[in-house]
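Enquirer: dropping a prediction and its sequence here:
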Amino acid sequence: MSMNLNNLENLKSEMKALGFSKELQEKMEENMKSNLPEFILKDQINGHKGQIDLNLYFKQSGQSENYYLNKYDVALNEGKPLEAGQKYLVISPSDTPGKNNVFKRENVAEAIEVFKKHTVNAELAVGKDAAHKTKLATMEEGKINYVDKEFGRTFRNPPLPQTIWVERGKGFTASQSVNLIEGRAVYREDMLTQGGLPYKAWMKLDLDGPRDRHMNFNMNQYHDPSYGFNLKEVLDKFNIKELENPKDREKLEAQLKNGDRPSITVEKNGEQVKLQVEAVPRYSQLNMFAANGRAEKREQFLKEPSLNKAITKSKGKEVSNSQGLGV
């Protein structure tokens, strides 16, 4: 029993280090008390491009009662995120006249899979319950006869997961994984080569390339300092108000290295405006966006417009390499 409690505390520490919520840690404890050989925890995070579904995989050791978290999945659903209290609902007639079976899912890909397996009349919807729902798709006698227009892309191409490998709480955190699956770069200082040598690099999923044999995207690496992307120097080329205060600057740099899209203050047409910014190490550059997600021309915020010519080209070919990575 003492060892089980130690195992519980260790896993809680690992989940905290990886950025998973306290609520998810409590769900883990409940499952561990049931002594299941393995279990999956699910969570959802709203990102800039949609809802990110997470599946955390826990497995009990074959030699002891201890559990381990060795991997989790992230999948980007570019459709409308679930609102608080909502779930995806798969509704079909039950054997009892006048009654329906209702299957509830938080993961859109799982909901679509359950819906498509039906061979009778069924409805896929979203809502708090069957009485308060919005219809997404229907089928009659096993044949799909309606799909909501805005939901069509997600229905035809459900999001595929990206596996994130971890070891004793070490690996990409939940927020970093969300940023990676949304296409942003993350800076890691704790990478190791196959030979065990440490190195630093910006990491970015190759979302435009093919998936590997495990159906994961490959990872592009931009080694620091050899690749040549210096975040401090690039930031200094722009008129960003947060750079004037050392603490604000430190916070901004940390957010960019985490792959976030933080808010910045710049001057446009003589007025101070808020934009969002992200790091683009491949081109030694920054991307800027308005609050509605529309891209802004970064050149207008340069201290010296002529500098733009020097920072719009790639400094070399990135290296695609998955060895030693949590992917």
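Expert: Perfect, I can see it now. Numbering: from 1, shown residues only.
Enquirer: ranges for the helices of the chain?
Expert: 2-17, 22-33, 108-116, 152-156, 174-181, 231-235, 246-257 (DSSP state H).
Enquirer: out of those helices, which one sits most buried?
Expert: Of all those, helix 174-181 carries the top mean neighbour count, a mean of 24, counting by mean count of other C-beta atoms under 10 Å. Bear in mind the C-beta positions are built from the backbone N, C-alpha and C, glycine included.
Enquirer: gap between the residue sitting furthest away from the middle of the chain and Lys133?
Expert: Seen from the C-alpha centroid of the chain, the residue lying at the greatest distance (C-alpha atoms, centre = their mean) is Pro97, 42.8 Å away. From Pro97 over to Lys133 the distance is 21 Å, taken as C-beta to C-beta, to the nearest Å.
Enquirer: same question, Thr173
Expert: The value you get for Thr173 to Lys133, if C-beta to C-beta is used, is 34 Å.
Enquirer: residues in contact with Lys16?
Expert: Residues near Lys16 by C-beta atoms under 8 Å, 6 or more residues apart in numbering: Gln25.
Enquirer: ok, Asn258 next?
Expert: Applying C-beta under 8 Å, 6+ apart, the residues near Asn258 are 173, 175-176, 179, 186-187.
Enquirer: just put those in CSV and tack on distance to Lys200 and pLDDT.
Expert: As requested, these are arranged in CSV below (distance: C-beta to C-beta, whole Å; pLDDT from 0 to 100):
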residue, distance to Lys200, pLDDT
Thr173, 17, 97
Ser175, 19, 97
Gln176, 15, 97
Asn179, 17, 97
Val186, 12, 98
Tyr187, 7, 98
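Enquirer: wait, which of these is closest to Lys143?
Expert: Closest approach between the contacts of Asn258 and Lys143, by C-beta to C-beta: Asn179, at 40.1 Å.
Enquirer: pLDDT at the nearest residue to that closest one once chain neighbours are set aside, what is it?
Expert: Excluding the flanking residues, the one nearest Asn179 by C-beta to C-beta, 6 or more residues apart in numbering is Gly259, at 2.9 Å. On the pLDDT scale, Gly259 is placed at 98.
Enquirer: Gly259: neighbouring residues, count only.
Expert: By other C-beta atoms under 10 Å, 25 other residues sit near Gly259.
Enquirer: surely it meets Leu180?
Expert: Yes - Gly259 lies in contact with Leu180 (C-beta atoms under 8 Å); the separation is 6.4 Å.
Enquirer: anything in contact with each of the two?
Expert: Joint contacts of Gly259 and Leu180 (C-beta under 8 Å, 6+ apart) are Val186.
Enquirer: pretty sure Val273 is touching Ile264, no?
Expert: No - with contact defined as C-beta under 8 Å, Val273 does not reach Ile264; the gap is 9.5 Å.
Enquirer: want to throw the helices of the chain into a markdown table with distance to Lys204?
Expert: Below are those laid out as a markdown table (distance: least, C-beta to C-beta, whole Å):
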| stretch | distance to Lys204 |
| --- | --- |
| helix 2-17 | 23 |
| helix 22-33 | 26 |
| helix 108-116 | 24 |
| helix 152-156 | 24 |
| helix 174-181 | 7 |
| helix 231-235 | 14 |
| helix 246-257 | 13 |
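Enquirer: of the ones you listed, which shows the lowest average pLDDT?
Expert: helix 2-17 has the lowest average pLDDT among the helices of the chain, namely a mean of 88.
Enquirer: now do that one against helix 22-33, angle only.
Expert: Following axes from the mean of the first three to the mean of the last three C-alpha atoms, to 10 degrees, one obtains 150 degrees for the angle between helix 2-17 and helix 22-33.
Enquirer: could you check the angle helix 174-181 makes with helix 2-17?
Expert: 50 degrees.
Enquirer: using CSV, write out every CA atom in helix 2-17.
Expert: In CSV, the C-alpha atoms belonging to helix 2-17 read as follows (Å, rounded to 0.1, in the frame of the first residue of the first chain):
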residue,chain,number,x,y,z
SER,A,2,2.9,2.4,0.8
MET,A,3,4.4,1.7,-2.6
ASN,A,4,1.0,2.4,-4.3
LEU,A,5,0.8,5.8,-2.5
ASN,A,6,4.3,6.6,-3.6
ASN,A,7,3.4,5.7,-7.1
LEU,A,8,0.3,8.0,-6.9
GLU,A,9,2.4,10.9,-5.6
ASN,A,10,5.0,10.4,-8.3
LEU,A,11,2.4,10.4,-11.1
LYS,A,12,0.8,13.5,-9.7
SER,A,13,4.1,15.2,-9.8
GLU,A,14,4.7,14.1,-13.3
MET,A,15,1.3,15.3,-14.5
LYS,A,16,1.8,18.6,-12.8
ALA,A,17,5.2,19.0,-14.5
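Enquirer: need the contact list for Asn269.
Expert: No contacts exist for Asn269 under C-beta under 8 Å, 6+ apart.
Enquirer: redo that, cut-off 10 Å
Expert: By C-beta atoms under 10 Å, 6 or more residues apart in numbering, the contact list for Asn269 reads Gln300.
Enquirer: and Leu82, by the same measure?
Expert: Under the criterion of C-beta under 10 Å, 6+ apart, the contact list for Leu82 reads 44, 46, 51, 53, 88, 106-108, 126-127.
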